[in-house]
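Peer 1: how does the following fold in three dimensions:
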Amino acid sequence: MADIKKEELLAEDTQKGQFMTFQTGKEFFGISISYINEIIMMQPITAVPEVEDYIKGLINLRGKIIPVIDVRARFKMDPIEYNDRTCIIVINVKSIVIGLIVEKIAEVDTIREEDIVPPPSLSRSSSEQNKYVYGLAKTEDTMKLLIDPEKLIKEEDMEDLEAMEELKSEEE
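Peer 2: Modelled structure (predicted):
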């Protein structure tokens, strides 16, 4: 029993400060690796009517139905065509598995806590984007915006996503 706890603690320690970084537009973003299940290539997406425009629909990943959101659309950036570099980061947020469509994976980066600073609040519109960004990290010559996956999805959308997952599961 003590060995299991020790292994869990070691796993948590190795993930501490680890961020999966990706590029959207000209910006680099990072998500704590503790949220990430896997990274997959783009898949066919089944559109779902009457949801927010950033929720692109559902994918079937090895029999599990997963809602996917487009990070560009969520950040109110102009849409682009998906290409062979576009992929889906499958994350677990509040026990819900969600896919994040990103333009390009950069790397896994180790960022020390002391290298993370809170984002400045410049104006009302920047605080709109900053609600997803909890910190800025400077690594080598790049600034990375660290996002909070729990804030990427509105509470009411989270309920819709849960309902979508349940509906699709019942249909199968």
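Peer 1: residues near K64, how many?
Peer 2: 13 (other Cβ atoms under 10 Å). In this view, the C-beta of every residue, glycine as well, is placed from N, C-alpha and C.
Peer 1: quick one: contacts of stretch 140-158?
Peer 2: Residues outside stretch 140-158 that contact it (Cβ atoms under 8 Å, 6 or more residues apart in numbering) are 19, 21, 27-32, 35, 51-52, 55, 69, 71, 74, 91, 93-94, 96, 98, 100, 109, 111, 116, 119, 131-138, 161.
Peer 1: could you give the mean pLDDT of stretch 88-98?
Peer 2: Taken as a whole, stretch 88-98 has a mean pLDDT of 90.
Peer 1: please, where are all the helices along this structure?
Peer 2: Using DSSP state H, the helices of the chain run over residues 2-15, 71-74, 124-130, 149-152, 155-171.
Peer 1: hmm, back to that, show me which of the contacts of stretch 140-158 are buried.
Peer 2: Those of the contacts of stretch 140-158 that meet the buried threshold are 19, 21, 28-32, 35, 51, 55, 69, 71, 74, 91, 93, 98, 100, 109, 111, 116, 119, 132-137, 161, by 16 or more other Cβ atoms under 10 Å.
Peer 1: for K131, give me its contacts.
Peer 2: K131 sits next to K151 when contact means Cβ under 8 Å, 6+ apart.
Peer 1: check what pLDDT it gets.
Peer 2: In this model, K131 carries a pLDDT of 77.
Peer 1: so what's E103 up against?
Peer 2: 22-25, 72, 80, 85-86.
Peer 1: how close does it sit to K26?
Peer 2: Here E103 is placed at a distance of 10 Å from K26 (Cβ to Cβ, to the nearest Å).
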